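Chemist: Predicted coordinates and the sequence they were generated for:
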Amino acid sequence: MDTFFLSLAVILCGGVLPLLVHRQFTVMKAGSCVVVAAGCLLGLFPALSVLLQQGVAARVSLPWLHIFTLSFQMDSISAFFLLPIFIISPLAMFYSFHYMEKKEQSFRTAINYFFNAILIVSMALVACADNIPTFALAWEIMSVSSYFLVVHDFQNKETRQAGYLYFIFAQGGAMLLFAAFALIYSYTGDFAFAGFAAIPDSAKLVVFILAFLGFGSKAGIFPLHIWLPYAHPAAPSHISAIMSGVMIKMGIYGIIRIYALLGVPSMVFGQIVLIVGMATGVLGVVCALGNQDVKKLLAYSSVENIGIILIGLGVGMIGVATKTEAMAFFGFAGAFMHVLNHSIFKSLLFMGAGAVLHKAKTRSIDQLGGLMKRMPVTGRTFLVGSLAISGLPPFSGFIGEFLIYYGSFQGIHLQRTAFILSALAIISLAVIGGLATACFTKLVGLAFLGEPRTEKAAQAGEAGLSMKLTMILLALACLLIGVLPEPFVRLAFRGITDLQPAGAYNPAAFIELLRNISKTAAFFIALFLLVSLLRKGLYWRKEVGAGPTWGCGFTRPTVRMQYTGTSYAASMIDFYRPFVPVKTFYTGIRKIFPGQTIYYTEVLDIAENKIHEMIIKPFFHLLQMLRWIQHGNIHLYIAYIVAAIIVMLLLL
């Protein structure tokens with residue numbers, strides 16, 4: 001693993017460099033991007049080596065201050081999760097070259113690059129940690145560094161509040177993880193991951209639930225997803241791309257790792273993961289559909305895609321429990337494939353949203369419109385990302401979801417509970433896919449088509465060169481995986497090698513099916529290109545007329561007559577009430593000659609609403625009752641400290 005640690009050292013150098021040369025703004029950004037990219041490229045070699053060698057694990061142990069040992073292992077699971085870390089992170093850094101353009105904030109940009117490098121390194125260490133202290137240390141560094149990235153614009157009150165919320169959920173999740181680790185240690189007396197399987201079966205379910213909730217808080221499972229719609233919009237867009245595309249997958253990695261370490265093929269594990277995944281996926285996409293803030297919509301979409309990944313994992317776990325090898329294999333492989341795909345197209349979409357925010361100065365869908373003409377590269381790449389995230393062929397999102405579908409159908413012939421859960425998984429995937437298509441039809445249609453709704457949208461121009469190139473590369477990756485999926489699917493197959501017994505299945509028949517899908521996708525791409533060329537040829541040197549869109553008989557149509565995001569999604573949102581509460585404000589018409597009338601609706605997050613009503617309000621009321629303690633008398637404060645010390649000494 002020498003190459004792996006060397007790559008992390010290079011990445012850290014790329015983070016320290018901006019602090020040293022922050023006065024030379026362009027040199028700072030270029031130098032940091034190049035060094036971090038070199039480190040990430042170096043880190044890909046050991047990861048691909050482990051995957052291509054059928055999961056031959058590499059291990060290393062480093063004693064630290066004679067207190068405990070830092071232990072690392074790179075097996076097939078770790079290696080696969082390193083791929084999005086080392087692919088997306090340098091692309092996000094390159095994107096930031098033109099995104100972070102305020103020279104007067106050069107030191108703040110340097111701080112951003114520093115913590116970005118720390119985040120990349122900590123995520124890689126999380127993926128390779130092989131004992132409890134190493135994992136806990138890397139996990140906390142990841143949480144703290146990402147907090148500082150979220151509050152980059154700390155002068156904004158909303159950003160600070162988003163940072164507080166993220167930190168609360170991050171540390172709450174960490175407490176649950178430490179509780180799970182403490183329970184394991186109480187049985188084994190050892191910090192090594194290898195001893196997890198030795199704990200009694202009665203304790204394994206408790207450990208799994210604690211770890212699932214702790215890791216789920218980072219991944220954004222329902223109802224622990226509340227921080228995502230606040231943290232992602234608050235962070236700079238290249239950081240949103242890393243957090244949504246890569247960091248939340250560390251929560252998924254943790255769930256997979258704890259399941260593999262406990263080594264119990266229990267149906268209950270799969271039931272928990274699958275049911276939570278279905279709820280997370282459906283409610284996430286419904287909230288995304290009802291949201292009119294571009295980055296909040298994408299954050300809820302990340303919740304939806306975490307649900308899809310959990311459905312795949314749940315299907316795989318049920319397959320292991322029922323000894324249905326094909327179901328286990330394709331469920332896990334589909335989840336792994338969707339981890340990779342989501343890291344690509346979600347990063348692309350957040351970067352596209354960042355370009356829109358950068359040029360149109362707003363995140364509101366209802367204040368955009370007509371951007372496809374003004375930002376053609378951003379618009380077209382965003383369209384590719386939207387097609388991919390909707391799971392439509394011939395783009396990458398279809399491949400991962402197809403694998404999960406394929407695994408779910410392997411469970412249809414099973415009895416009772418397994419049959420019902422397999423059927424529910426298929427139905428949930430279909431519902432999620434349909435709603436995702438509607439959601440991104442709304443986003444692309446209202447933001448990029450039609451007429452500009454505001455002056456800022458009308459004056460928007462194309463993004464900077466580094467931003468455009470990054471989005472083009474990611475869009476091409478979405479298309480490449482969709483048209484030539486076999487090598488990428490084989491990487492997913494290699495990634496699950498250490499998930500026994502799922503990794504032992506032979507997918508030869510499926511590979512042949514995949515090749516047929518590839519040929520069909522290539523045919524339709526070629527047909528599309530041919531039709532496009534013919535159309536261009538027919539209109540070559542011919543004048544194409546332009547005129548206003550027909551306004552349904554209105555003599556003076558205005559941009560306000562276009563569909564809004566609320567009106568587009570209203571009927572679909574209504575179907576899911578009361579699971580998706582809607583706040584409505586309407587002034588009504590009260591006079592014979594009415595003046596201005598206001599009608600406003602907002603889709604609320606049911607989890608946030610219920611947590612606020614059932615936990616936060618009572619807790620806040622309790623704190624209000626205790627405010628008499630905070631009276632400003634320093635002598636009494638000292639007395640509190642002395643009393644607390646005396647009580648602790650008596651208890652110990």
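Modeler: Received it, and whenever you're ready, just let me know what you need. Numbering: from 1, shown residues only.

Chemist: Only C-alpha atoms from now on, for both contacts and neighbour counts.
Modeler: Fine.

Chemist: how much space between Gly370 and Leu446?
Modeler: Counting by Cα to Cα, to the nearest Å, the gap from Gly370 to Leu446 is 8 Å.

Chemist: These two: who's more crowded?
Modeler: Leu446 (25 against 20; other Cα atoms under 10 Å).

Chemist: quick one, what contacts the more buried one?
Modeler: When contacts are counted by Cα atoms under 8 Å, 6 or more residues apart in numbering, Leu446 is found next to 365-366, 368-369, 563-565.

Chemist: ok, now Leu52?
Modeler: 491, 494 are the contacts of Leu52 under Cα under 8 Å, 6+ apart.

Chemist: quick one, phi/psi of it?
Modeler: phi -80, psi -20 (degrees, to the nearest 10).

Chemist: how much space between it and Ala458?
Modeler: 50 Å.

Chemist: Show me how far stretch 123-138 is from its chain's centre.
Modeler: 20 Å (Cα atoms, centre = their mean, to the nearest Å).

Chemist: can you check stretch 590-607 too?
Modeler: On Cα atoms, centre = their mean, the centre of stretch 590-607 falls 33 Å from that of its chain.

Chemist: List of residues touching it?
Modeler: With Cα under 8 Å, 6+ apart, stretch 590-607 has contacts from 222-224, 226, 287, 290-291, 566, 579-589.

Chemist: Can you flag which of these belong to strands?
Modeler: With strands defined by DSSP state E, the entries of the contacts of stretch 590-607 inside them are 582-586.

Chemist: Pull out the buried members of the residues you listed.
Modeler: Buried residues within these, defined by neighbour count using 16 or more other Cα atoms under 10 Å: Val582.

Chemist: Which strand residues bridge Leu70?
Modeler: Leu62 (DSSP bridges).

Chemist: what stretches of the chain score poorly on pLDDT?
Modeler: 54-57, 65-66, 502-504, 548-559, 612 (pLDDT under 70).

Chemist: Quickly list the domain ranges of it.
Modeler: The chain resolves into domains spanning 1-215, 265-504, 566-604, 606-652 when parsed by automatic domain parsing.

Chemist: mind listing what the closest residue in space to Ala198 that isn't next to it in sequence touches?
Modeler: Spatially, and ignoring its direct neighbours in sequence, Ala198 is nearest to Thr188 (7.2 Å; Cα to Cα, 6 or more residues apart in numbering). Residues in contact with Thr188, defined by Cα under 8 Å, 6+ apart, are 195-196, 198-199.

Chemist: try it again with 10 Å
Modeler: 182, 195-200 (Cα atoms under 10 Å, 6 or more residues apart in numbering).

Chemist: Let me know how buried Ile141 is, in neighbour terms.
Modeler: 20.

Chemist: no, scratch that, I was asking about Phe25
Modeler: Phe25, neighbours per other Cα under 10 Å, totals 20.

Chemist: In this structure it contacts Leu17, no?
Modeler: No - at 11.7 Å, Phe25 does not count as touching Leu17 under the criterion of Cα atoms under 10 Å.

Chemist: Identify the contacts common to those two.
Modeler: With Cα under 10 Å, 6+ apart, Phe25 and Leu17 have common neighbours 31, 110.

Chemist: just checking, what packs against the host helix or strand of Phe402?
Modeler: Per DSSP states H and E, Phe402 falls inside helix 396-409. When contacts are defined as 3 or more Cα pairs under 10 Å, 6 or more residues apart in numbering; DSSP states H and E, helix 396-409 packs onto helix 294-321, helix 325-360, helix 376-389, helix 416-448, helix 465-483, helix 486-495, helix 508-538.

Chemist: Phi and psi next, for Pro594.
Modeler: phi -70, psi 150.

Chemist: before we move on, the earlier item: now which of the contacts of stretch 590-607 would you call buried?
Modeler: By 16+ other Cα under 10 Å, the contacts of stretch 590-607 give 222-224, 226, 287, 290-291, 566, 579-582 as buried.

Chemist: for the residues you listed, which one is nearest Val647?
Modeler: Using Cα to Cα, Leu224 comes nearest to Val647 of these, at 35.4 Å.

Chemist: Find the nearest non-adjacent residue to that closest one, please.
Modeler: In space, Leu224 is closest to Ser217, 5.1 Å off (Cα to Cα, 6+ apart).

Chemist: Provide a list of residues in contact with the one you found.
Modeler: 166, 169-174, 176, 211, 223-228, 248, 251.

Chemist: Tell me which residue is most central in the protein.
Modeler: Among the residues of the chain, the one closest to the centroid is Ser244, at 2.9 Å (Cα atoms, centre = their mean).

Chemist: Now do the same contact list for it.
Modeler: 219-220, 228, 232, 298-299, 301-303, 306, 342-343, 346-347, 350.

Chemist: Relative to Ile638, how far out is Gly195?
Modeler: Gly195 is 46 Å from Ile638, by Cα to Cα.

Chemist: Please identify which of those two sits among more neighbours.
Modeler: Shown here are Gly195 and Ile638; by other Cα under 10 Å, Gly195 has more neighbours (17 against 11).

Chemist: how about that one, phi and psi?
Modeler: Backbone torsions for Gly195, taken as degrees, to the nearest 10, come to phi -90, psi 0.

Chemist: give me the number of residues near Ser343?
Modeler: Neighbour tally, Ser343, other Cα under 10 Å: 26.

Chemist: where's it relative to Gly433, distance?
Modeler: For Ser343, the distance to Gly433 - Cα to Cα - is 18 Å.

Chemist: can you check Ala192 too?
Modeler: From Ala192 to Gly433 the distance is 41 Å (Cα to Cα).

Chemist: Same question for Val384.
Modeler: Shown here: Val384 relative to Gly433, a distance of 16 Å by Cα to Cα.

Chemist: what residues are up against the nearest residue to Gly495 once chain neighbours are set aside?
Modeler: The shortest distance from Gly495 to any non-neighbouring residue, by Cα to Cα, 6+ apart, is to Ser76 (4.8 Å). Ser76 makes contact with 47-58, 82, 491-499, according to Cα under 10 Å, 6+ apart.

Chemist: Which among these count as buried?
Modeler: Buried among these (16+ other Cα under 10 Å): 47-48, 50-51, 54-55, 57, 82, 491-499.

Chemist: Make sure Phe602 is indeed in a strand.
Modeler: Just to correct that, residue 602 is Glu rather than Phe. Yes - remark: Glu602 belongs to a strand, assigned using DSSP: H, G, I helix; E, B strand; the rest coil.

Chemist: what are the bridge partners for it, then?
Modeler: Going by DSSP bridges, Glu602 forms beta bridges with Lys583.

Chemist: how far away is it from Ala569?
Modeler: Taken as Cα to Cα, the span from Glu602 to Ala569 is 11 Å.

Chemist: quick one, which of the two is more surrounded?
Modeler: A direct count of neighbours by other Cα under 10 Å for Glu602 and Ala569 places Ala569 higher, at 19 against 14.

Chemist: For the more buried one, give me its contacts.
Modeler: Counted by Cα under 10 Å, 6+ apart, Ala569 has contacts 286, 289-291, 435, 438-439, 442, 563.

Chemist: Could you do Asn156 as well?
Modeler: Asn156 neighbours (Cα under 10 Å, 6+ apart): Ala234.

Chemist: quick one: it from Ala37, how far?
Modeler: 31 Å.

Chemist: Then Lys29?
Modeler: The value you get for Lys29 to Ala37, if Cα to Cα is used, is 12 Å.

Chemist: My read is that His338 contacts Phe330, right?
Modeler: No - judged on Cα under 10 Å, His338 makes no contact with Phe330 at a distance of 11.7 Å.

Chemist: residues shared between the contacts of these two?
Modeler: Common neighbours of His338 and Phe330 (Cα under 10 Å, 6+ apart) are 312, 400, 402-404, 492.

Chemist: which one of these sits closest to Arg380?
Modeler: Distances from Arg380 to the shared contacts of His338 and Phe330, taken by Cα to Cα, are shortest for Gly400, at 22.6 Å.

Chemist: Against Gly331, how distant is the closest one?
Modeler: Counting by Cα to Cα, the gap from Gly400 to Gly331 is 10 Å.

Chemist: of the two, who's got more company?
Modeler: Taking neighbours as other Cα under 10 Å, Gly400 and Gly331 compare with Gly331 leading, 35 against 31.
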